[in-house]
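Undergrad: could you work out the structure for the sequence below:
(chains A, B and C)
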Amino acid sequence: MMYLAEARMQDVVKKQLQFKLKAYRGVFTSLIAVQVLAILFSLGGIGMSGGETENFSYEANYYSGNIVIVLTMLWGFITAVLLTTRAYRFDDFSFVTNRVSSNVSNIYFLIVSCILAGITAMLSSFLLKVLVISFVNTDAFVQASVSFPEYSTGMIGTILYIILFSALGYLVGMFTQIHKSLIVLLPVLLLSTLILSTGHPELIQNIIGFFGNENSFLVFALKTIITAVVLFGASLLVSGRMEVKQ
Amino acid sequence: MHKGGWEMNVIECKGLTKVYGKTKALNDISFTLTENKITGLIGRNGAGKTTLLKIISGYLKETSGEVKVFSESPFNNLKVSANLIFVNEEMSYPGSLNLGEILKAAATFYENLDMELAERLMNYFSLDLRQYHTSLSKGMRSTFNTIVGISSRCALTVYDEPTSGMDAGVRKDFYRALLKDYIAYPRTILLSSHLLNEVEDILEDILLIKSGEKYLHMAMGDLKEYAIALSGRSVSITKWAEERKVIFQKSLGAGSSYIVVKNDLSALEIEQARNEGIELMPVSADDLCVYLTNKTIGGIDDVFSRS
Amino acid sequence: MIIISLLLAFISVIAGIYIFNAFMGKYHIKKPLKWIFGGYAIILIGSVLIYFMLPEDTFTHAKTYSDEEIMQEEKNQEELYRLALNGKIDQVDDKYITQQWEFELKDDRLVLTAPEPQHSAVTVLAERAGTDKKIKIDYYGMKRIVGNVDVSSKVKAPELEFGENTIHIRKREKVNVKVANFSKEFTVKQFSDGKKSESRMSAMMDQDFLYMQIPVGVEVTGGVIFIDE
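TA: The predicted model follows:
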């Protein structure tokens, strides 16, 4: 009787995650590049107001890590799309895998990356402040006091936003892998719906509002986690029967 | 060819069919591979070798019929994946890892992988652990892939045209390494090639497919006896040819002909043939495979003969 | 607008995929990669440490004003000026007086001089009070809110030069205030208790004025507005 190696799903997923964290470290290089770029953009301020009277003039510049967070969300989306492309999808098949373990380890990898991205995005707001204080000449540096719990909640919120975007990117990427024509079709479909619905931008506003106007952190967390689970789950279903056509 | 005791079926195919759009890449293939044998999958380009291997490896899903590897359906099967390695020239590895890191990663997935052997083979074939897979030449890449294939010691090792792009010397060395490691650590090996002469020395069994269909599946030794060539004056040869299925025929000019027929001649018939001045010769397995997989029985000469 | 921004987002996604792809594979920058990760982590943690080591007075803690509060403040200031102009200075809160002067005249006349145009200096309101030669001057400064911070202290009271029978209002330097405002990240703001959206408006009208009490019978020359009795 021949000896056959046992393969438990959780072991394989764990090995794949470790493998991906090492092999796809380029993801983190691009994260740093995006965040550094975003910090440079942010140094110019995200908004300003000014005014003048006979003997008084003022200029108020507003700074925040918003650009860093938004670009990091975009990074999450792109990274997820990238993981669904053939080059990365087939890497798993050179080793032990099936479609479920390959996807689950991708999802874990994305979540780990998003957590890291969220933490660095929020920490970079300190870097931004230190840079502004060092290089911007003003009469006053004004800041709204943020308590530690408030800041931590914001950090988790940021992470959840990034995960949400990467879950969306993963599903979009998976769809485009079903058939090449979907790469063109999907955005065309999206854009034409938008053009047809101009004047009725409620849909987009509703979607953005569904997450963005939610002031209760717990409800927000619930909304994003459930949405991400649904999106990732749909990707699993889409890819479950996909063949490896190298 | 029996090694005694009962044998477990490693691969079982029943009526296996794969359809791409309107073309049938595989048509109703049935065969069984038993444990610890080296089987060669032989066929011309486009015969469906790669499709068959990819279905066995769980890359593709069969359209109809049944395929079992270790008694389980290979598509989306983790157990099959853990005990099978599929080596082909399209093996993709992350560009960020060098060969040493790829081997280390492979070792975490394949618990039987012999790192020491892998490193010794790498050294022998002048591959540097610090090189990157994408920067290797085609032949070097094939060499690396086959090293992963040998050293991972999977219960089922599948090679698809493993030597493409390799130098003649490297090919020989590779097959020798494969055979040596196979003898030390028996396992089931299925390897495809369109050149039988290259692999016939190490094969125990041969599975010949033609246009997506199984043509024959037999022991290598049997294949060598499978056919016989008759050569002599065309008049007498034609008589022999009429009575049996001709696998291959060609005109040698000056009124003589050469045919290959199934080797089921009785001792009496052999005697009779010799008396008619016909020369009887064995047919090499290599030539036989070429003849068997030809579309016409005349081969390329037919294209040029005007008669 | 939405379409354009979505198109831009789409284009950047496609561009991003190509650029990121290059990051992932083609460049085998291994040694520097460790330095890049480590360096970034050190910079981030370092900036957190530096931030917390900054002296206490680096930041002015902003009181977040809403649009309504700012508009209310401007209304208050107009109201205050109107009260003063209508002789109801006693109804104005003393807290607005930021500086006071007393000055004794030699004769029965007062000459007030100021650089032209005079309003670039300060508005001067006056009432008749008392019969001695003493003049009382109060400066009513106004609140100025810029970028959610009260910068009233930046606007100094005008400087007065007293002669025998003259008061000269020095030309005030124009005050330029620059404020760097660190706003909360939207992900922080979303779950913060103070839901009030911060205003980008400012209250900064030049409503400040000098209020003089001039003895009865003193003849005044210069830009003085006598309030209605």
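Undergrad: got any ranges where the chain has weak pLDDT?
TA: No chain specified, so I'll use chain A. A:1-2, A:194, A:197-201, A:245-246 (pLDDT under 70).
Undergrad: not quite, I wanted chain B
TA: Low-confidence segments of chain B (pLDDT under 70): B:1-7, B:299, B:305-307.
Undergrad: can you check chain C too?
TA: Along chain C, the parts satisfying pLDDT under 70 run over C:1-7, C:21-31, C:61-64, C:116-121, C:193-201, C:203-206, C:228-229.
Undergrad: how's it carved up into domains?
TA: Chain C breaks down by automatic domain parsing into domains covering C:2-58, C:67-172+C:185-226.
Undergrad: strands of chain B, start to end?
TA: Using DSSP state E, the strands found in chain B span residues B:9-20, B:23-34, B:38-42, B:64-69, B:84-87, B:156-160, B:188-193, B:205-210, B:213-219, B:227-233, B:246-253, B:256-262, B:279-282.
Undergrad: repeat that for chain A.
TA: Under DSSP E, chain A gives strands at A:47-53, A:56-63, A:140-143.
Undergrad: mind exporting the last one as CSV, just the C-alpha atoms?
TA: The C-alpha atoms that make up strand A:140-143 are tabulated as CSV, following Å, rounded to 0.1, in the frame of the first residue of the first chain:
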residue,chain,number,x,y,z
ALA,A,140,-0.6,78.6,14.8
PHE,A,141,-0.9,74.9,14.4
VAL,A,142,-4.4,74.0,15.2
GLN,A,143,-5.7,70.6,15.9
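Undergrad: ok, that strand: who's next to it in the sheet?
TA: strand C:59-61 (parallel), strand C:175-182 (parallel) (DSSP bridges).
Undergrad: out of these, which gets nearest to C:Val13?
TA: Between C:Val13 and the strands paired with strand A:140-143, the shortest gap by Cβ to Cβ is with strand C:175-182, which sits at 29.9 Å. All C-beta spots, glycine's among them, are computed from the backbone N, C-alpha and C.
Undergrad: what residues sit buried inside that closest one?
TA: Buried residues in strand C:175-182, counted by 16 or more other Cβ atoms under 10 Å in any protein chain shown: C:Val175, C:Val177, C:Lys178, C:Val179, C:Ala180, C:Asn181, C:Phe182.
Undergrad: residue boundaries of the helices in the chain?
TA: In the absence of a named chain, chain A is used. For chain A, the helices defined by DSSP state H cover A:9-23, A:26-42, A:66-84, A:86-89, A:99-135, A:148-178, A:181-196, A:202-212, A:217-239.
Undergrad: I was after chain C.
TA: Under DSSP H, chain C gives helices at C:2-24, C:31-53, C:67-85, C:186-189.
Undergrad: still on that earlier bit, deepest-packed of the helices of chain A, please.
TA: Mean neighbour count (mean count of other Cβ atoms under 10 Å in any protein chain shown) peaks for helix A:66-84 among those, with a mean of 25.
Undergrad: on the strand side of things, show who the nearest residue to B:Ile237 once chain neighbours are set aside bridges to.
TA: If the residues on either side of it in the chain are set aside, B:Ile237 comes closest to B:Ser257, at 4.2 Å by Cβ to Cβ, 6 or more residues apart in numbering or on different chains. In this entry, B:Ser257 is beta-bridged to B:Gly232, B:Ser251, by DSSP bridges.
Undergrad: ditto for the one 4 residues further on
TA: When assigned by DSSP bridges, B:Val261 has beta-bridge partners B:Ile228, B:Val246.
Undergrad: follow-up on the earlier one: right, and the domains of chain C - which one's nearest chain B?
TA: domain C:2-58 (2.8 Å; Cβ to the nearest Cβ).
Undergrad: how distant is the closest one from the center of its chain?
TA: When distances are taken as Cα atoms, centre = their mean, to the nearest Å, domain C:2-58 is centred 36 Å away from the chain's centroid.
Undergrad: again, but for stretch C:209-226
TA: How far stretch C:209-226 lies from its chain's middle: 29 Å, per Cα atoms, centre = their mean.
Undergrad: same question, stretch B:13-21
TA: Here stretch B:13-21 shows a centroid-to-chain-centroid distance of 19 Å under the convention Cα atoms, centre = their mean.
Undergrad: what residues does that stretch touch?
TA: The contact list for stretch B:13-21 (Cβ atoms under 8 Å, 6 or more residues apart in numbering or on different chains) reads B:24-32, B:48, B:51-52, B:55, B:60, B:62-68, B:212.
Undergrad: change it to 10 Å
TA: For stretch B:13-21, the surrounding residues in contact (Cβ atoms under 10 Å, 6 or more residues apart in numbering or on different chains) are A:245, B:24-33, B:48, B:51-52, B:54-56, B:60-69, B:212-214.
Undergrad: that older thread, of the helices of chain A, which approaches C:Gln77 most closely?
TA: Closest to C:Gln77 of these is helix A:99-135 (Cβ to Cβ; 31.4 Å).
Undergrad: return the nearest residue of the stretch 51-200 of chain B with respect to chain C.
TA: Relative to chain C, the nearest point of the stretch 51-200 of chain B is B:Gly95 (2.8 Å; Cβ to the nearest Cβ).
Undergrad: which residues does C:Val216 contact?
TA: Listed by Cβ under 10 Å, 6+ apart, the contact set of C:Val216 reads C:Arg128, C:Ala129, C:Gly130, C:Thr131, C:Asp132.
Undergrad: how about C:Ile97?
TA: Shown in contact with C:Ile97 (Cβ under 10 Å, 6+ apart): C:Asp138, C:Tyr139, C:Tyr140, C:Gly141, C:Ala157, C:Tyr211.
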